[in-house]
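> here is my input, please return the structure:
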Amino acid sequence: MLQGVILACLVACIILQEKRFEELESEHSHLWNKVEDLTQNGSLNKVAFTAGTSGAGNVGTGSTIVFPVVINNEGGGYNPDTGVFTAPRSGQYVFFVSAQGYGSDTLYVSIVHNGGAKVMTMSDGGRGKDFYDSGTNLAALNLQQGDTVWAKCQSGSSFYSEGIPITTFSGFLI
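Next up, the predicted model:
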């Protein structure tokens, strides 16, 4: 009799373990599918861009600087027609701007997040009409999906590039 009770308990334990194994197997399969979705095409949610200007240009004070020469746009967040980056996903991003000014105006360029300037760089043009100077700055920003970031001319107007972009705007998710 005691052996019958022990045997019944063992059978019940085996049945419970088989059910739990089936649940874990299903959960494993579901998680594996999610991993495959995230790593499809090896991208694993990468976001990075670099864009530059193609030559000398002028932009008005308060205007967005458009960088039409796209060197990289992983994740598709940068729009070369508007000069605006839109975060495809939330996270911590780093943005960098390099402004090559020329002429007698001092060029001030800021990195703007959702309408608010975060950092600014300056290219000193006060030394004469044929003077070239560059300014750089970067900002680490916490963005939500859909937030926008762009480079804005705060003051001055003339920037310079050649065949290979000198005046550039970059950003990436860290």
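
> what are the ranges of the strands in the chain?
48-52, 57-58, 69-74, 78-79, 84-86, 91-102, 107-113, 116-123, 132-143, 148-155, 158-159, 168-173 (DSSP state E).

> can you tell me which of those strands is nearest to residue 14?
Among the strands of the chain, the nearest to residue 14 by Cβ to Cβ is strand 91-102 (46.6 Å). (Glycine included, C-beta is placed from N, CA and C.)

> residue 109 against residue 65, yeah?
Yes: between residue 109 and residue 65 there is a contact under Cβ atoms under 8 Å: 6.6 Å.

> the residue positioned nearest the centre of the chain - nearest residue in space that isn't next to it in sequence?
Among the residues of the chain, residue 172 comes closest to the average C-alpha position under Cα atoms, centre = their mean, at 3.6 Å. Distances taken as Cβ to Cβ, 6 or more residues apart in numbering place residue 48 nearest to residue 172, at 3.8 Å, with adjacent residues excluded.

> residues in contact with residue 140?
92, 93, 94, 174 (Cβ atoms under 8 Å, 6 or more residues apart in numbering).

> quick one on the thing from earlier: could you export the strands of the chain as CSV, including mean pLDDT and distance to residue 29?
Putting the strands of the chain into CSV (pLDDT from 0 to 100; distance: least, Cβ to Cβ, whole Å) gives the following:
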stretch, mean pLDDT, distance to residue 29
strand 48-52, 97, 32
strand 57-58, 76, 55
strand 69-74, 97, 30
strand 78-79, 98, 37
strand 84-86, 98, 35
strand 91-102, 92, 28
strand 107-113, 94, 41
strand 116-123, 93, 44
strand 132-143, 91, 34
strand 148-155, 93, 39
strand 158-159, 74, 54
strand 168-173, 97, 29
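
> which one of the ones you listed lies closest to residue 9?
Here strand 91-102 is closest among these (Cβ to Cβ), at 51.8 Å.

> so which bits of that closest one are buried?
Neighbour-count burial for strand 91-102 flags 93, 95, 96, 97, 98, 99, 100, 101, 102 (criterion: 16 or more other Cβ atoms under 10 Å).

> helices and strands around it, which ones?
strand 107-113, strand 116-123, strand 132-143, strand 148-155, strand 158-159, strand 168-173 (3 or more Cβ pairs under 8 Å, 6 or more residues apart in numbering; DSSP states H and E).

> surely the residue nearest to the centre of the chain and residue 73 touch.
No: contact between residue 172 and residue 73 fails when scored by Cβ under 8 Å: they sit 11.1 Å apart.
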